[in-house]
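Participant: need the 3D shape of this:
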Amino acid sequence: MTIIDRQQITGLILAGGRGTRMGQVDKGLQAFRGMPMAMHILILLSPQVGELLINANQNLAAYEAFGAQVWPDQMEGFAGPLAGLQTGLAHCETQYLVCVPCDSPFLPTDLVAHLSQALLREDADLAVATTIEEREGTNIKQAHPVFSLMKSSLLPHLNKFLEGGGRKVDAWYASLKVIEVNFNDTAAFRNINTLNELRDFESQ
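Facilitator: Numbers count the residues shown, from 1 in each chain. Next up, the predicted model:
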């Protein structure tokens with residue numbers, strides 16, 4: 001199995017949102033099983049990459065205490081995941097960047113290996129995680145767009161997309177050569193959006 005050397009991959013934890021569905025709190029800093037949610041991500045992602053960055057737009061000192069570089073959006077106004085991705089790519093000093101959200105503390109330990117294998121095999125610009133979800137007896141492919149590995153050379157392309165008013169992750173991906181990578185563990189991509197979900201998962 002040919003995969004990318006992890007020293008050539010920078011990990012980006014996206015923690016720049018407003019946390020609207022969680023009552024305007026900073027999701028990445030919410031306590032979950034004894035530590036902030038974003039710290040779970042950092043612990044799981046660190047062994048898979050060479051460098052780590054955190055994209056945050058508030059409570060920067062709290063995130064800096066995690067021991068990783070912290071960068072706010074270059075764009076103003078909480079412009080969404082692509083703004084965080086732009087910031088990560090701008091500060092990425094490796095050939096590849098993998099991004100993950102701060103609210104998914106069940107991150108797969110083989111996420112980067114599987115994404116990088118597919119990206120190399122298909123010579124794609126970007127590899128994105130998918131799962132097969134069962135809904136009402138039907139199997140449906142579910143994409144997880146903020147779990148993705150990409151070439152850091154995509155920054156100029158993303159800058160142009162954002163300058164043109166684009167904000168949707170799916171729309172930008174549609175302009176690239178993307179490979180979808182299926183993962184069997186659907187639970188690994190669960191994200192925690194509300195305080196009720198936080199309490200529910202805490203007790204599981």
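Participant: just the element for residue 17, please.
Facilitator: Assigned by DSSP states H and E, residue 17 falls within no helix or strand.
Participant: in a strand, that's where residue 11 is, yeah?
Facilitator: Yes. Read with DSSP: H, G, I helix; E, B strand; the rest coil, residue 11 is one of the residues of a strand.
Participant: tell me the contacts of the nearest residue to it once chain neighbours are set aside?
Facilitator: Once flanking residues are discounted, residue 11 sits nearest to residue 49: 3.7 Å by CB to CB, 6 or more residues apart in numbering. Heads up, the C-betas are built off the backbone N, CA and C, glycines and all. Applying CB atoms under 8 Å, 6 or more residues apart in numbering, we find residue 49 in contact with 6, 9, 10, 11, 98, 112.
Participant: what's the last one sitting at in phi/psi?
Facilitator: Yep, that's residue 112 we're talking about. Torsion angles at residue 112 (phi, psi; degrees, to the nearest 10) stand at phi -70, psi -40.
Participant: count of residues packed around the closest residue to it other than its chain neighbours?
Facilitator: Of all residues beyond its chain neighbours, the one nearest residue 112 is residue 48 (4.0 Å), with distances taken as CB to CB, 6+ apart. Here the count is done by other CB atoms under 10 Å, and residue 48 has 21 residues near it.
Participant: I'd say residue 48 and residue 113 touch.
Facilitator: Yes. Residue 48 is within contact range of residue 113, at 7.2 Å (criterion: CB atoms under 8 Å).
Participant: so, low pLDDT: which residues of this structure?
Facilitator: 18-24, 194-196, 201, 203-204 (pLDDT under 70).
Participant: one step back: distance of the residue nearest to residue 112 from residue 11?
Facilitator: To residue 11, residue 48 is 7 Å away according to CB to CB, to the nearest Å.
Participant: overlap in contacts, these two.
Facilitator: 98, 112.
Participant: check which helix or strand covers residue 44.
Facilitator: helix 37-45.
Participant: just how off-centre is that helix within its chain?
Facilitator: A distance of 11 Å separates the centroid of the chain from that of helix 37-45, by CA atoms, centre = their mean, to the nearest Å.
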